[in-house]
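S.K.: Here you go, sequence then predicted model.
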Amino acid sequence: MSKPDPFTVSTRYWHKLDDGRVQCDLCPRFCKLHAGQRGLCFVRENLDDEIVLTTYGRSSGYCIDPIEKKPLNHFLPGTPVLSFGTAGCNLACKFCQNWDISKSREIHTLTDAASPELIARAAQQLDCRSVAYTYNDPVIFHEYAIDVAKACRERGIKSVAVTAGYVCPEPRAEFYRYMDAANVDLKAFSEAFYHKITGSHLAPVLETLEYIKHETDVWLETTTLLIPGKNDSDRELDEMTRWVVEKLGPDVPMHFSAFHPDWKMQDVPPTPKETLVRAREIAMNNGVRYAYTGNVHNKDGDSTWCHQCGELLIGRDWYVLSDWNLTADGKCAACGTPCAGVFEAQPGNWGAQRQPVRLRDFAA
C-alpha cells in the first residue's frame, strides 16, 4: 500500500470488479470506485485496489450527553453517555440536522484523535455508562466503532449506535455483535421519500430493524423526524406504526421529533407540536406502548406511562427525570406490569447538561 496517512486502515467488505474498479460492499449503495476515488460517504476510498477507511481514530468531537438525547428512553435512564462521530455519511438527506459533520468533505472537521482504548478509558473515568456512535452514521466508520466497542466492553462500558440502518447483512451482523443499544432513524414509510429526499431505499432499513429486534439482544428504539408535507400524513403514520407493532412488537419505543429548516430544506416550515402529538396518538392507538415526542416541550410526550394501568413510570421534562415509579426489577410500582427496557434499581442523575470533552486530557 502506498503511504497512507496514519488514520487510514484496511477494510474487509469489498471486492474487485472485472473492469478494474473496486466495489464497496458495506452498505446497499455499493459504490464502484476507480483508483483514488471515494464513495458517497467520502471516508472510504479505493487505495491500491482495496477499500480503506480514511478516518480511523479521528473524530469531529466528543461530548457527554444525557442518554435521553440519543434518544433512548428505556436504556439506563438518567445516565451520561460519551458521544462522538466522525465526518461523512452514506445517505444524502436534504434535511440533515448535522450537515456540517455528515456532509463534510474537509479533513479539518476531524478535530480530535483517539485510540479505541483511550475512548474507553475516558468513558470510565468520566463515569459514563455508555459510549454513543452518533452525529454521523457509525456504519461508515464500521471498523473504528467495533474496535471502540470492544475496548469499552472490556471495561464494562455499553455501546450505543445512532444510525439510519443502511447497511448490508454481513457487516450488519458483525457490527451488532458489539452493540448494546441502538436508535434507528426510520425516516419515513415510503420508498418515494427515501429515494427522493435521502438518496437511499426503505427496504434495507426495515431489514435492519427486523434483524436487530429478532436476531440480536440489542435494545432497540426508533426515531422519525416529521417534516411537514413530506412524511407526516395520517395515512403514512398509520402504516408505519402498524408495521412496527406487527414486525417488531408493541414494546419498541418510537420517537417522533420536530424538524427545523436546515441544509437543503430551508424552505420547509418547522414541525408544529400538534403534529407530534397526533403522531404519538396514532402510534398508541395502533398498539405502540411507548411513543414519545421530541424537540418540543411536552412533558406528557416525554414521559413513560404504564401501558396496563396508565400510571406515570418515568417523568421527564426535556432531558431531566422528574419522577421514577419503577420497582428495582423494572416493573410498574402501581400494578406490577413490566416496563420493557434496560433498567437498573435506581436511575442516573446526569440531567440535561451537555459537557464537551478533550480526550487528550485522558492520554496515559
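M.R.: Now that the structure is in, tell me what you want to look at.
S.K.: By mean pLDDT, point me to the weakest helix or strand of this protein.
M.R.: Least confident helix or strand, the chain: helix 99-102 with a mean of 49, by mean pLDDT, DSSP states H and E.
S.K.: next helix or strand past it?
M.R.: Once the chain leaves helix 99-102, the next helix or strand it forms, by DSSP states H and E, is strand 112-113.
S.K.: Which strands and helices lie in contact with that next one?
M.R.: Packing partners of strand 112-113 (3 or more Cβ pairs under 8 Å, 6 or more residues apart in numbering; DSSP states H and E): strand 58-59. Where C-beta positions appear, they are placed from N, C-alpha and C, glycine not excepted.
S.K.: And the residue nearest the centre of the chain?
M.R.: Closest to where the C-alpha atoms of the chain average out (Cα atoms, centre = their mean) is residue 162, at 1.2 Å.
S.K.: Quickly find the element holding that one.
M.R.: strand 158-163.
S.K.: follow-up on the earlier one: surely the residue nearest to the centre of the chain touches residue 130?
M.R.: No - using Cβ atoms under 8 Å, residue 162 is not in contact with residue 130, being 11.4 Å away.
S.K.: Might you report the residue contacts of the residue nearest to the centre of the chain?
M.R.: 70, 132-135, 137-138, 182-183, 185 (Cβ atoms under 8 Å, 6 or more residues apart in numbering).
S.K.: residues in contact with residue 339?
M.R.: Taking Cβ under 8 Å, 6+ apart, one finds 74, 304, 306, 313, 326, 330-332 in contact with residue 339.
S.K.: Hmm, I typed the wrong one, I wanted residue 269.
M.R.: Counting by Cβ under 8 Å, 6+ apart, residue 269 touches 228, 261.
S.K.: ok so, going back, list buried residues within the contacts of residue 162.
M.R.: 70, 132-135, 137-138, 182-183, 185 (16 or more other Cβ atoms under 10 Å).
S.K.: What is the most widely separated pair among these?
M.R.: Using Cβ to Cβ, the buried ones among the contacts of residue 162 span at most 15.1 Å, a distance reached by 135 and 182.
S.K.: how's the protein carved up into domains?
M.R.: Residue ranges for each domain of the chain read 9-53, 59-357, as given by automatic domain parsing.
S.K.: one step back: just checking: what are the partner strands of the strand holding residue 162?
M.R.: In the sheet, strand 158-163 lines up against strand 130-133 (parallel), strand 181-185 (parallel) (DSSP bridges).
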